[in-house]
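> Mind folding the following:
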Amino acid sequence: MPHHKSAEKAWIQSEKRRLRNKSFKSRVKTEIKKFLALLEKGELESAERQLRVAQSLLHSGVSKGIFHRNKAANKISKLYAKLNQAKQRAQA
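Here you go, the predicted structure:
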């Protein structure tokens, strides 16, 4: 436990932030899982809409300081690559 009042306040604030960030990250992961599930089913239009939702959340996570911008960019890039692969398989 902190020994000083300011250290105690900082500890409480960081705990609040940790829980908020954890909740947000969980939501992002859930949206990505929904996208991947739609991709597995072959519902490409729904998957594309779901990807936009996940992309929006990742971008807002960057602006809130939860994700590094490069991590979000890499994640979005990989998800779009999976979508494009699925589209190519559907055409062939």
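> At the geometric centre of this structure, which residue sits there?
Note on the chain: the residue nearest the mean C-alpha position is Val28, at 3.3 Å, using Cα atoms, centre = their mean.
> Just give the nearest non-adjacent residue to that one, would you?
Leu57 (4.9 Å; Cβ to Cβ, 6 or more residues apart in numbering). All C-beta atoms are positioned from the backbone trio N, CA, C, and that covers glycine.
> Surely the one you found touches Lys29?
No - applying Cβ atoms under 8 Å, one finds Leu57 not in contact with Lys29, separated by 9.8 Å.
> more crowded one of these two?
Ranked by neighbour count (other Cβ atoms under 10 Å), Leu57 and Lys29 place Leu57 first, with 21 against 12.
> For that one, which residues are in contact?
Neighbouring residues of Leu57 by Cβ atoms under 8 Å, 6 or more residues apart in numbering: Phe24, Arg27, Val28, Glu31.
> top of those by neighbour count?
Busiest of these [other Cβ under 10 Å] is Val28, holding 20 neighbours.
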